[in-house]
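Could you work out the structure for the sequence below:
(chains A, B, C and D)
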4 protein chains.
Amino acid sequence: MRFVHRSRVRFGHCDPAGIAYYPRFFEWFHDAFEAMFESIGGRSYAAILRDTGTGFPAVSTACEWRLPSRFGDLVDIEVFVSRLGEKSATFEYRVMREKELLATASIKVVAMDMVTHTSVGWPKLLMPGLTAHSEALADAPDTERLRR
Amino acid sequence: MRFVHRSRVRFGHCDPAGIAYYPRFFEWFHDAFEAMFESIGGRSYAAILRDTGTGFPAVSTACEWRLPSRFGDLVDIEVFVSRLGEKSATFEYRVMREKELLATASIKVVAMDMVTHTSVGWPKLLMPGLTAHSEALADAPDTERLRR
Amino acid sequence: MRFVHRSRVRFGHCDPAGIAYYPRFFEWFHDAFEAMFESIGGRSYAAILRDTGTGFPAVSTACEWRLPSRFGDLVDIEVFVSRLGEKSATFEYRVMREKELLATASIKVVAMDMVTHTSVGWPKLLMPGLTAHSEALADAPDTERLRR
Amino acid sequence: MRFVHRSRVRFGHCDPAGIAYYPRFFEWFHDAFEAMFESIGGRSYAAILRDTGTGFPAVSTACEWRLPSRFGDLVDIEVFVSRLGEKSATFEYRVMREKELLATASIKVVAMDMVTHTSVGWPKLLMPGLTAHSEALADAPDTERLRR
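Numbering: from 1, shown residues only, chains lettered A, B, ... in the order given. Purely as a prediction, here's the structure:
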């Protein structure tokens, strides 16, 4: 089951070429991540951080852009979990414009105690939702393409 | 030879945890990319785009964060070219706080004709500089870690 | 009649003090402006620009922050038109957290032909909606406070 | 005596019209503000906040754009203090492209204790510098233009 976050490509997201400036995608991914956590945690993302004392910093990411996202596009950002570890997980993002796949990303985050800054287990609150949104990865980004 | 772009971690780059919000890194990488092109092209990045009719969209990226970048840090973003193809290249970024490596990124860009939107060869203007900043990649980001 | 655009104060909007970094408000205002135009123009903001050949740059703004917007807040951005001129207009923004007024802004924009870059009349397409959202200004921001 | 912060209008600052997206100006103003405080405080802005326990939130702003700032422009952001109160001050910004005035802004900030969140006097550390950069305001932004 993929979580879907709908977003409009706004004027301020776009560069002089009229397409989304690529750093904006990572803000969209974070927005979709927060919206997904709100959906599975039953409270705001801010409240999840406060109630569990846990933060979720990104430690690595791989992203591919296949087609440009243009000013005015209505995009659906699909999110699912491709790997759910004890203290970390990898979230997958698919940016869709109707049936077209515009971009994919894998972002690995760790669960971190916000006082001690050490990695901790996932808050119990989130486990049912994270499990429900887990999915085997059919189309792993070919990060080796970076080298070619 | 690595190009170095010095940057301060500003208040507005940081999140409620007091460290740089990760999408900001990609803006820093683009700023460093523009500064490097200005250095090797002898004119502003805007003038390079205008004079050559060529743009440089990112098509993929892999990034790892090793240590947090904190509000107030003075960081040096080192840039070099790890692969220089005919119509694309991979740029490497190393975010350093003095001797500490905070983050690494590989970003693949293509040279694109801004009218036809097709990939083209690198502008001759840039070749000596891109070649001078080329370097074999000693510490390829272990993108497989995303899966573990 | 005020147009209302609901928005969540996201992690990436906030600074190390845990409240919204003030430049972000202007992005929210622009998002609300685009959403209002989409509502009154019956098409995406991008399509309005393309179909009418008109852009809407800001020429001045006055903004007051009364209470901080905190990470996790759900805010309603109310928009209305306080002055509708032939070639320009002033849009008013009220950032509400339920009954609390967090911030107010007045932003003057001009209608500009995107080819000649000269000011032009408002596209006919938008006039009924702009008129319907016009409202006398009861609580003009006391910009003189800036001087005291 | 005006403090001057030089900045390049970067690709990611610009919108599909090829000029700086107006919310970016407020980020530039904050960057210039931080650079000025670093200059007068003799340490990073982050260290000023930490060492004095004081923050400097904006409470109101008025801004006028006179000419567009284009992608590639090299701009000088001049900063001075037009009103230095006991617990607040108004900072003036002039965005110059060589001799051309592109934009002006007045931003009122308060000095705030970061623990109690109440307004406090200016840190002694900053007073000589703030005084040295004070200047009577010759060209107050005509905020009444917003109404016309």
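
okay, now residue A:3: neighbour count?
20 (other C-beta atoms under 10 Å in any protein chain shown). All C-beta atoms are positioned from the backbone trio N, CA, C, and that covers glycine.

partners of it in the sheet?
Beta-bridge partners for residue A:3, by DSSP bridges, are residue A:79.

repeat for the one 5 residues further on
Beta-bridge partners recorded for residue A:8 (DSSP bridges): residue A:74.

what helices or strands is the helix ranked longest in chain A leaning on?
In chain A, with assignment by DSSP state H, the single longest helix is helix A:23-41. Helices and strands touching helix A:23-41, by 3 or more C-beta pairs under 8 Å, 6 or more residues apart in numbering or on different chains; DSSP states H and E, are strand A:3-8, helix A:45-52, strand A:58-65, strand A:74-84, strand A:88-97, strand A:100-110, helix A:127-132, helix B:23-41.

export those to CSV and tack on distance to residue B:129 and mean pLDDT?
Putting the helices and strands packed on helix A:23-41 into CSV (distance: least, C-beta to C-beta, whole Å; pLDDT from 0 to 100) gives the following:
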stretch, distance to residue B:129, mean pLDDT
strand A:3-8, 37, 97
helix A:45-52, 44, 97
strand A:58-65, 25, 96
strand A:74-84, 36, 97
strand A:88-97, 33, 98
strand A:100-110, 29, 97
helix A:127-132, 47, 97
helix B:23-41, 2, 98
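
Check those for me and report the most buried one.
strand A:58-65 (a mean of 23; mean count of other C-beta atoms under 10 Å in any protein chain shown).

hmm, that strand touching chain D?
No - under the criterion of C-beta under 8 Å from any C-beta of the partner chain, chain D is not reached by strand A:58-65; the shortest gap measures 15.3 Å.

Each with direction, which strands does that strand pair with?
strand A:100-110 (antiparallel), strand B:58-65 (antiparallel).

Would you reformat those as a markdown table and include distance to residue B:99?
Listed next are the strands paired with strand A:58-65 as a markdown table, based on distance: least, C-beta to C-beta, whole Å:
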| stretch | distance to residue B:99 |
| --- | --- |
| strand A:100-110 | 24 |
| strand B:58-65 | 17 |
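
which residues sit in contact with residue A:111?
Residue A:111 makes contact with A:54, A:55, A:56, A:87, A:88, A:119, A:120, A:121, A:122, A:123, according to C-beta atoms under 8 Å, 6 or more residues apart in numbering or on different chains.

swap the cut-off to 6 Å and go again
Neighbouring residues of residue A:111 by C-beta atoms under 6 Å, 6 or more residues apart in numbering or on different chains: A:54, A:87, A:120, A:122.

For residue A:125, give me its contacts.
With C-beta under 6 Å, 6+ apart, residue A:125 has these contacts: residue A:41.

So residue A:133 is in contact with residue A:78, correct?
No - if you go by C-beta atoms under 6 Å, residue A:133 and residue A:78 don't touch, sitting 10.0 Å apart.

Kindly report the residues of chain A close to chain C.
A:10, A:12, A:27, A:30, A:31, A:34, A:44, A:46, A:71, A:72 (C-beta under 6 Å from any C-beta of the partner chain).

Chain D versus the second one, what's the distance?
Pointing back at residue A:12 there. 5 Å (C-beta to the nearest C-beta, to the nearest Å).

these two touch, right, that residue and residue D:22?
No - in this structure residue A:12 lies outside contact range of residue D:22 using C-beta under 6 Å: 8.9 Å.

Of the two, give the one with the bigger neighbour count.
More crowded of residue A:12 and residue D:22, by other C-beta under 10 Å: residue D:22, with 25 against 19.

In contact with the more buried one: list those residues for me.
Listed by C-beta under 6 Å, 6+ apart, the contact partners of residue D:22 are residue C:58.

what's it sitting at in phi/psi?
phi -60, psi -30 (degrees, to the nearest 10).

Next one, pLDDT for it please.
Turning to residue D:22, the model gives it a pLDDT of 96.

Give the bridge partners for the nearest residue to residue A:103 once chain neighbours are set aside, please.
Spatial nearest neighbour of residue A:103, chain neighbours left out: residue A:95 (4.2 Å); criterion: C-beta to C-beta, 6 or more residues apart in numbering or on different chains. Beta-bridge pairing of residue A:95 under DSSP bridges involves residue A:77, residue A:103.

contacting residues for residue A:95?
So residue A:95 contacts A:75, A:77, A:102, A:103 (C-beta under 6 Å, 6+ apart).

Name the nearest of the residues of chain A next to chain C relative to residue C:1.
Closest approach between the residues of chain A next to chain C and residue C:1, by C-beta to C-beta: residue A:10, at 23.5 Å.

how far away is that closest one from residue D:97?
As judged by C-beta to C-beta, to the nearest Å, residue A:10 and residue D:97 stand 27 Å apart.

my guess is residue A:35 contacts residue A:4, does it?
No - contact between residue A:35 and residue A:4 fails when scored by C-beta under 6 Å: they sit 9.3 Å apart.

Could you report the neighbour count for residue A:119?
Residue A:119 has 15 nearby residues by other C-beta under 10 Å.

That one and residue A:87 touch, don't they?
Yes - between residue A:119 and residue A:87 a contact is recorded at 4.5 Å, counting by C-beta under 6 Å.

Quick one: end-to-end distance for stretch A:63-73.
20 Å (C-alpha to C-alpha, to the nearest Å).

And that stretch, how far out from the chain middle?
16 Å (C-alpha atoms, centre = their mean, to the nearest Å).

Likewise for stretch A:35-54?
For stretch A:35-54, the distance to the chain centre is 15 Å (C-alpha atoms, centre = their mean).

go on, stretch A:13-20?
The answer for stretch A:13-20 is 21 Å, by C-alpha atoms, centre = their mean.

Mind exporting the C-alpha coordinates of it to PDB?
Output in PDB follows, covering the C-alpha atoms of stretch A:13-20 (Å, rounded to 0.1, in the frame of the first residue of the first chain):
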ATOM      1  CA  HIS A  13       9.500  25.800  -7.300                       C
ATOM      2  CA  CYS A  14      10.600  26.500 -10.900                       C
ATOM      3  CA  ASP A  15      13.800  27.800 -12.400                       C
ATOM      4  CA  PRO A  16      14.400  30.000 -15.400                       C
ATOM      5  CA  ALA A  17      14.000  26.900 -17.600                       C
ATOM      6  CA  GLY A  18      10.400  26.700 -16.400                       C
ATOM      7  CA  ILE A  19      10.800  23.300 -14.700                       C
ATOM      8  CA  ALA A  20      11.100  22.400 -11.000                       C
END
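
Now tabulate the helices and strands packed on helix A:23-41 in a markdown table and tack on distance to residue B:63.
Rendered in a markdown table, the data for the helices and strands packed on helix A:23-41 read as follows (distance: least, C-beta to C-beta, whole Å):
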| stretch | distance to residue B:63 |
| --- | --- |
| strand A:3-8 | 22 |
| helix A:45-52 | 22 |
| strand A:58-65 | 5 |
| strand A:74-84 | 17 |
| strand A:88-97 | 14 |
| strand A:100-110 | 10 |
| helix A:127-132 | 23 |
| helix B:23-41 | 7 |
